[in-house]
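1. pasting the sequence and the predicted coordinates here, then a few questions.
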There are 2 protein chains.
Amino acid sequence: MSLPHAILTALLEKPSSGLELTRRFDRSIGYFWSATHQQIYRELGRLEAEGLIRALPAEQPARGQKKAYEVLPAGRTELARWTGAAQDPKPHRDALLLRLRAAAVVGTAGLEDDLRRHLELHERQLAEYREIEERDFPPGADGPQDRLRHLVLRAGIDLETFWIQWLGHALSEFAHLPDAGGTRRPGEPRA
Amino acid sequence: MSLPHAILTALLEKPSSGLELTRRFDRSIGYFWSATHQQIYRELGRLEAEGLIRALPAEQPARGQKKAYEVLPAGRTELARWTGAAQDPKPHRDALLLRLRAAAVVGTAGLEDDLRRHLELHERQLAEYREIEERDFPPGADGPQDRLRHLVLRAGIDLETFWIQWLGHALSEFAHLPDAGGTRRPGEPRA
DNA sequence: TTTTGCATGTAATGGGTTACATGATTTG
DNA sequence: CAAATCATGTAACCCATTACATGCAAAA
């Protein structure tokens, strides 16, 4: 139940319309909390109904017109409450690790190519993060807000670095693996 | 859509009943693909209906009686197909990073305690992984299956290590942070 | 024989995903 | 003006989560 709070954070950083929010989720917030435009519109409606945000008084709120929202005091209070409240980490879900475990039973056919593809994706993501770091966190800026935001970006950078290392390690293991050999059950024919 | 494949993998490793599967998910597979017993029972029903698994011919399949399942050839084929098929990584969702970003806007009150709590949880998890590593992967065993499974466990260990490092870094930043200072908006009173 | 724990489920709710719908604005 | 694009939505489906229900077995 964090999407509403992600939206509140984004709106506090800058009042926006639904599509602007969607863009910003694609660019920055979505790196650790993704959302589609449908989720965002639905959630904006709820947050407005609960009195946590309001539509900025604009020209004519017709369909197809931009409608920007801003956070009300009640919304800021709720976000502060949520931020400071104790929350248990959600259990992970990683399909790639699952597939590796499955490969130990049914064989590794096809997996290596996808590992390589994932490696490329993570390298691309890491490059993107590094660009953001250079652009948004030059050596000078180190106010408290900057430090917190930099910390978040650092987590992203280090996570991508971890995956790149791990995938490299995994691929080198694959290179030494007998041809799907260990995946036979004892007594099963060799192909 | 990986739960059915997680179950197929578990059943190939060892035919089991619903509750046995639930236990094994809690202990080992759940470390990277969690599932509740309700999910598992529902999925067992579907997999059986699709002809990928079957209930082992047991005594009387009455309610409250154990019912063990085994994987049929079609199930093994489907698991091998899925394991080798290209799949895009799902976008991450990390509430803790989201809260840090929110804290940059509404203040850090309460967050530090929860970071410490998370640090403890990750340290406990890491210790558990290390025990498993010592028990299940002694220096001798290095068949292909062992290597693949060890690789998966290594990912878990390194991920926990990463979070412990990052949380330590974050907490040291908090120590240097002015008292929720950077979280004021310009012009707002200092509290 | 009531209670506790084991084992398998059902039902309700809510979030996430995908596909589609509709009005407005820009561009060829 | 026709087509593409922008912007805001609706609807349906699936999965996950939570709470509850039922039957059986062993222990107190």
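-> It's in.
2. in the helix or strand harbouring residue A:174, what's buried?
-> According to DSSP states H and E, residue A:174 maps onto helix A:144-176. Residues of helix A:144-176 classed as buried by neighbour count (16 or more other CB atoms under 10 Å in any protein chain shown): A:144-160, A:162-164, A:166-167, A:170, A:173-174. All C-beta atoms are positioned from the backbone trio N, CA, C, and that covers glycine.
3. spatially nearest residue to residue A:100 (excluding sequence neighbours)?
-> residue B:152 (5.2 Å; CB to CB, 6 or more residues apart in numbering or on different chains).
4. mind checking how far that neighbour is from DNA strand C?
-> 23 Å (CB to the nearest atom of the strand, to the nearest Å).
5. that residue against residue B:33, yeah?
-> No. Between residue B:152 and residue B:33 there is no contact under CB atoms under 8 Å: 10.9 Å.
6. residue contacts, the residue nearest in space to the middle of chain A?
-> Taking CA atoms, centre = their mean, the centroid of chain A lies closest to residue A:32, which sits 2.8 Å from it. When contacts are counted by CB atoms under 8 Å, 6 or more residues apart in numbering or on different chains, residue A:32 touches A:152, A:155-156, B:92-94, B:97-98.
7. out of those residues, which one has the lowest pLDDT?
-> Least confident entry in the contacts of residue A:32, by pLDDT: residue B:92, with 86.
8. quick check: domain ranges of chain A?
-> Domain assignment for chain A, taken from automatic domain parsing, gives A:3-84, A:95-183.
9. and which of the contacts of residue A:32 is nearest to DNA strand C?
-> Within these, the smallest distance to DNA strand C is 7.2 Å, found for residue B:93 (CB to the nearest atom of the strand).
10. OK, contacts around the residue lying closest to that closest one once chain neighbours are set aside?
-> The shortest distance from residue B:93 to any non-neighbouring residue, by CB to CB, 6+ apart, is to residue A:33 (5.6 Å). Going by CB under 8 Å, 6+ apart, residue A:33 touches A:2-3, A:6, A:25, B:93-95, B:97-98.
11. try 10 Å this time
-> The neighbourhood of residue A:33, defined by CB atoms under 10 Å, 6 or more residues apart in numbering or on different chains, consists of A:2-3, A:5-7, A:9-10, A:25, B:91-95, B:97-98, B:101.
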